[in-house]
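**Student:** Need coordinates for the below:
(one chain, ligands or ions: 1)
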Amino acid sequence: MQIRILILSLLMLSACFTQAAEFTVGQTNKAFTPTTLTIKKGDTVKFINNDAFFHNVFSLSDVKFFDLGSFPKGEFKIVTFEDAGVVDVECAIHPEMKMIITVK
Ligand SMILES: [Cu+2]
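**Tutor:** Residues are numbered from 1 along each chain as shown. The predicted structure is shown next:
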C-alpha cells in the first residue's frame, strides 16, 4: 500500500516538473519586449498589446508559421511552440518590430 502511494507521489511530482510554462511578450512603444526569448518545446507565449493602437503578430518561420491578426490595446493572443528551432516574429503593421524566439 505504501509503495503505491510512493509511486503515485513520484508520478505527480514528475508531472509538475514537465508542465509547460507560459511566457509573456509585450508590444510596447512599437517594440516587442523582450526582443529575444528562449523557451522549451510545448511552452506557450502570450503576446499582449500595451500600445494605444493596433499591433499584429506573425511568423513565416518553418518551425512555427502563424498569423495572429491585428488586435487593440489590452488584448492578447497565445501561441504554443511544439517544435525546436528559431522563430522570427514580426508585426505586419510596424515592420521595425521584430523578435526572436528560440525553442529548445
Ligand atoms: Cu505593431
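
**Student:** Can you say which helix or strand has the residue positioned nearest the centre of the chain in it?
**Tutor:** Compute the mean C-alpha point of the chain, and by CA atoms, centre = their mean the closest residue is residue 45, 1.6 Å away. Secondary structure assigned from DSSP states H and E places residue 45 in strand 44-49.

**Student:** what comes up buried for that strand?
**Tutor:** Neighbour counts over strand 44-49 (16 or more other CB atoms under 10 Å) mark 45, 47-49 as buried. Every C-beta, even on glycine, is put in place using the N, C-alpha and C of the backbone.

**Student:** Which single one of those is nearest to the ion?
**Tutor:** Taking CB to the ion as the measure, residue 49 is the one of these closest to the ion, at 8.0 Å.

**Student:** who touches the closest one in this structure?
**Tutor:** If you count contacts by CB atoms under 8 Å, 6 or more residues apart in numbering, residue 49 has them with 27, 55, 71-76.

**Student:** quick check, nearest of those residues to the ion?
**Tutor:** residue 55 (3.5 Å).

**Student:** my read: that closest one touches residue 27, true?
**Tutor:** Yes: contact criterion CB atoms under 8 Å: residue 55 and residue 27 qualify, at 4.4 Å.

**Student:** Give me the common contacts of these two.
**Tutor:** Residues touching both residue 55 and residue 27 (CB under 8 Å, 6+ apart): 49, 91, 97.
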